[in-house]
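**Q** Got a sequence here, can you model it:
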Amino acid sequence: MAQTNHNISIESPSGWKDYEIIDSGDGYKLERFGGFIMSRPEPKALWSKSMSDTEWKKLAHTVFHPGAGFGKAGKEDVGTWEMLKKMPERWFIEYKGADRQASEWSAFRHGIPESGGLFLKLRLGLTSFKHVGVFPEQASNWDWIYSHTRKGFKVLNLFAYTGGATLAAKCAGADVTHVDSVKQVVSWAKENMTSSGLDNIRWIVDDALKFVKREIRRGNVYNGLILDPPAYGHGPDGERWKLDELLFEMLEECSKIVAKEHSFVVLNLYSNGYSALLADTLLKKAFGECEGREYTCGELALEDKFKKVIPLSVFARMFTK
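**A** Take a look at the predicted model:
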């Protein structure tokens, strides 16, 4: 029987002072973002909690209760937050890459101001979709993007949400275009840019596929492409997005605007049933396998204090020297 060799990596953020997952189980996870702890639904936490319900309630500032639409396409996370302790509606957390942490330690030892490195300051808030404005497992992608981006690179972030990946590329000196179909989310990303001490990002409210097709006609080319598409969605003019039907077309169109050399692509997928091998195959078939082009794939996961690991998304990456 023929065997195919695939190296699938499992990545999780480490050394992040402003985030930790404390416990998970019974369909929930208990997380700390900065100084505030929340209990949120997590369908992949199929095991039992390690701590008691009483302990969870004692720690948590708030708990999210799903509404009647939970589990239905387009309404899966609509619900309400129950406030158990006083906390602000909005607050900030920071993320520092390994190089920034090393720089700060060196600066502390030598009594000089720290500078450079990957640094993000993100505004968080409680939304009716259980989200808070950041997906912590994506920190691994931020680190990878930062380390593979050269100063002067042109980077396009599609389905860009509140801009963690956008800011990582900008921190590395890229000329970044941020595209999302939701105007309020783009405004949120702009806040994150300002609070992170960055500027000069190009903001676009548009349907991602339509934007890419226009870039093809314009002859624009990018050194970096970042895609984090949802399972379902709509563009600002009602354009319909369904991952199963449109993902490969999107990747094929993106292959027409990526530079032949000195370029990268990051594809992240949250949809249940999608595997790292599937993401890897999609990327290879859309962009092609040629000399100098390297592909990697894996899963992004979070590990709670009791060593229970929650797989949250799959990724595939391409890097061309």
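**Q** Quick check: residue 129 touching residue 80?
**A** No: between residue 129 and residue 80 no contact is recorded; they are 11.1 Å apart, counting by CB atoms under 8 Å. Glycine gets a C-beta too; all of them are placed from N, C-alpha and C.
**Q** Would you tell me what helix or strand residue 145 is located in?
**A** Under the criterion DSSP states H and E, the helix or strand holding residue 145 is helix 139-148.
**Q** Can you work out which other helices and strands pack against that helix?
**A** In this structure, helix 139-148 makes packing contacts with helix 164-171, strand 224-227, strand 263-269, strand 309-320, judged by 3 or more CB pairs under 8 Å, 6 or more residues apart in numbering; DSSP states H and E.
**Q** Which of those has the highest mean neighbour count?
**A** Mean neighbour counts were compared across the helices and strands packed on helix 139-148 using mean count of other CB atoms under 10 Å; the top stretch is helix 164-171, at a mean of 28.
**Q** Centre of the chain to the helix holding residue 145, how far?
**A** With CA atoms, centre = their mean, to the nearest Å as the basis, the distance from the averaged C-alpha position of helix 139-148 to the chain average is 10 Å.
**Q** Pull the residues that contact it.
**A** In this structure, residues lying in contact with helix 139-148 by CB atoms under 8 Å, 6 or more residues apart in numbering are 11-13, 16, 95, 97-98, 118, 120, 155, 164-165, 167-169, 171-172, 224, 226, 264, 266, 268, 300, 315, 317, 319.
**Q** ok so, going back, mind putting the helices and strands packed on helix 139-148 in a markdown table, mean pLDDT included?
**A** Output for the helices and strands packed on helix 139-148, formatted as a markdown table (pLDDT from 0 to 100):
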| stretch | mean pLDDT |
| --- | --- |
| helix 164-171 | 98 |
| strand 224-227 | 98 |
| strand 263-269 | 98 |
| strand 309-320 | 97 |
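**Q** Adding distance to residue 124 as columns, could you present the ones you listed in JSON lines?
**A** Formatted as JSON lines, those follow (distance: least, CB to CB, whole Å):
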{"stretch": "helix 164-171", "distance to residue 124": "12"}
{"stretch": "strand 224-227", "distance to residue 124": "21"}
{"stretch": "strand 263-269", "distance to residue 124": "20"}
{"stretch": "strand 309-320", "distance to residue 124": "18"}
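**Q** So which of the ones you listed is nearest residue 84?
**A** strand 309-320 (22.7 Å; CB to CB).
**Q** which intervals of the protein have sub-threshold pLDDT?
**A** Scanning the chain for pLDDT under 70 picks out 1-5, 69-77, 99-116.
**Q** what about the helices in it?
**A** Counting by DSSP state H, residue ranges of the helices within the chain are 53-59, 98-110, 139-148, 164-171, 183-195, 208-218, 243-254, 276-287.
**Q** So which residue is smack in the middle of the chain?
**A** Centroid check for the chain by CA atoms, centre = their mean gives residue 138 as the closest residue, at 3.9 Å.
**Q** The closest residue to that one other than its chain neighbours and residue 285: what is the separation?
**A** Computed as CB to CB, 6 or more residues apart in numbering, the closest residue to residue 138 that is not its neighbour in sequence is residue 164, at 5.7 Å. As judged by CB to CB, to the nearest Å, residue 164 and residue 285 stand 28 Å apart.
**Q** just residue 121 next, same as before
**A** In this view, residue 121 and residue 285 are 38 Å apart by CB to CB.
**Q** Which one's more surrounded, the two?
**A** Here residue 121 and residue 285 are compared on neighbour count by other CB atoms under 10 Å; more neighbours surround residue 121, at 19 against 13.
**Q** Identify the bridge partners of that one.
**A** Beta bridges link residue 121 to residue 94, judged by DSSP bridges.
**Q** Surely it touches residue 91?
**A** No: between residue 121 and residue 91 no contact is recorded; they are 11.1 Å apart, counting by CB under 8 Å.
**Q** number of nearby residues for residue 151?
**A** Around residue 151 sit 8 other residues, with neighbours defined as other CB under 10 Å.
**Q** Hmm, I typed the wrong one, I wanted residue 119.
**A** Applying other CB under 10 Å, I find that residue 119 has 23 neighbouring residues.
**Q** can you pull the contacts of it?
**A** With contact taken as CB under 8 Å, 6+ apart, residue 119 is in contact with 94-97, 100, 171, 196-197.
**Q** got it, and residue 313?
**A** The neighbours of residue 313, taking CB under 8 Å, 6+ apart as the test, are 135, 137-138, 268-270, 299-300.
**Q** can we see that at 6 Å?
**A** Contact criterion CB atoms under 6 Å, 6 or more residues apart in numbering gives 268, 270, 300 as the residues in contact with residue 313.
**Q** residues touching the first one, list them.
**A** For residue 268, the contacting residues are 228, 313, 315, by CB under 6 Å, 6+ apart.
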